[in-house]
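Q: Any chance you can model this:
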Amino acid sequence: EVQLVESGGGLVQAGGSLRLSCAASGFTFDDYAIGWFRQAPGKEREGVSCISSDDGSTYYADSVKGRFTISRENAEKTVYLQMNSLTPEDTAVYYCNYRGWSGMDYWGKGTLVTVSS
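A: Down below sits the predicted model:
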């Protein structure tokens, strides 16, 4: 059974930092890109960052570029999202995701990040 479990969310003041983790199981982790998405209250889910399976290349949404860093540890089957210089606009539920070989998307249950001003 595929599982993606996010952790590391919480309440932080503007300018602070958090590190999110996504622990994966039930699939060949090394073979797949993993992405982070977020959904703020009243807004659609949006892509934040992703990291490839092979060469570790990364993508960042413009809104987080220079502040967030994605990384993966294949031995631990975990992807991290280091978030620095947080602003209230970063407040959202953060989800990790991977798209399986059949094109099906798998999601975790999310972790809530709240940034106070």
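
Q: Asn97: neighbour count?
A: 19 (other CB atoms under 10 Å). Backbone N, C-alpha and C define where each C-beta goes, glycine included.

Q: name the element it belongs to?
A: Using DSSP states H and E, Asn97 maps to strand 92-99.

Q: next structured bit after that strand?
A: Where DSSP H and E defines the elements, the next helix or strand beyond strand 92-99 is strand 105-107.

Q: Now do whichever helix or strand comes after that next one: which elements does it pack against?
A: Remark: after strand 105-107, the chain's next helix or strand is strand 111-116, criterion DSSP H and E. Helices and strands touching strand 111-116, by 3 or more CB pairs under 8 Å, 6 or more residues apart in numbering; DSSP states H and E, are strand 10-13, strand 18-25, strand 92-99.

Q: what comes up buried for the shortest one?
A: Of the residues in strand 10-13, those scored as buried under the neighbour-count criterion (16 or more other CB atoms under 10 Å) are Val12.

Q: Need the CA coordinates for it. CSV is fine.
A: Output of strand 10-13 as CSV, limited to C-alpha atoms (Å, rounded to 0.1, in the frame of the first residue of the first chain):
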residue,chain,number,x,y,z
GLY,A,10,3.3,24.1,12.9
LEU,A,11,2.9,27.7,13.9
VAL,A,12,5.8,30.0,13.2
GLN,A,13,6.3,33.8,13.2
